[in-house]
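below are the sequence and a predicted model; questions follow.
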Amino acid sequence: MSPLTDEERQKLLTLARQALEAAVLRHGSPDMEGYFGALAENGGAFVTLRLHGELRGCIGQVESDEALARNVARSAASAALHDPRFPPVTPAELPDISIEISVLSPLADIAPEAIEIGRHGLLISEGLRHGLLLPQVPAQWGWDREQFLEQTCLKAGLPADAWRRGARVQAFTTLVIAEPDQVAALHSAEAHSSTPR
């Protein structure tokens, strides 16, 4: 996927905000015309919502057969309404919701010893079970490489040591785009968050 310009990053944030508000207020979907370049290329992304710094929803697709812009819009709406860990976002919460978009690189198999905390996200899979954690998570929780592997296995519903016993371990990197006025609040609140994504 092509690198994103500053303008394209801002367009993604604006689109995610429009999709979030349209979903919560039941106003249909935002207009998807006018997205070109890297935004029109297929790409995986996750959209994370926070309320006063606390996780409020996070949904996305690792690999997508649709344009990045469309994936981000769909993920923002889904994070607001369909994250099974949370009730749907309410209209009253909208002014206090902050948005963070993680644009994913392609997946690649990785040896456990090559995993870098803070740089790599993980997808661990075995059969129909799979679990994913973004690169921000182990850094936020202070996990080492082995804990990161174990927690990703547990998220997949697998034994914590499945990564040692044949489960497939794949890594990816992310480009993180956050709403500018929320960046300081985001980082100060991460240490107090109680729910890994």
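The structure has been received and is ready for your questions.

please count neighbours and contacts with C-alpha atoms only from this point.
Will do.

so what's S29 up against?
19, 22-23 (C-alpha atoms under 8 Å, 6 or more residues apart in numbering).

do you know how far R56 is from A167?
According to C-alpha to C-alpha, to the nearest Å, R56 and A167 sit 30 Å apart.

more neighbours: which of the two?
Per other C-alpha atoms under 10 Å, whichever of R56 and A167 has more neighbours is R56, with 23 against 17.

before we move on, which element is G157 in?
If you go by DSSP states H and E, G157 is not part of any helix or strand.

now do Q18
Using DSSP H and E, Q18 falls in helix 6-24.

just the buried subset of the contacts of S29, please.
19, 22-23 (16 or more other C-alpha atoms under 10 Å).

show me what the next helix or strand after the helix holding Q18 is packed up against.
Later in the chain than helix 6-24, the nearest helix or strand by DSSP H and E is strand 45-51. Packing partners of strand 45-51 (3 or more C-alpha pairs under 8 Å, 6 or more residues apart in numbering; DSSP states H and E): strand 54-61, helix 68-81, strand 97-104.

swap the cut-off to 6 Å and go again
Using 3 or more C-alpha pairs under 6 Å, 6 or more residues apart in numbering; DSSP states H and E, the elements in contact with strand 45-51 are strand 54-61, strand 97-104.

quick one: residues in contact with it.
Strand 45-51 is contacted by residues 56-61, 75-76, 96-104 when judged by C-alpha atoms under 6 Å, 6 or more residues apart in numbering.

and the buried ones among the residues you listed, selectable in PyMOL?
Restricted to buried positions by 16+ other C-alpha under 10 Å, the PyMOL selection for the contacts of strand 45-51 reads:
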select buried, resi 56+57+58+59+60+61+75+76+97+98+99+100+101+102+103+104
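
name the residues that touch stretch 108-120?
So stretch 108-120 is contacted by 135-136, 139, 169-173 (C-alpha under 6 Å, 6+ apart).
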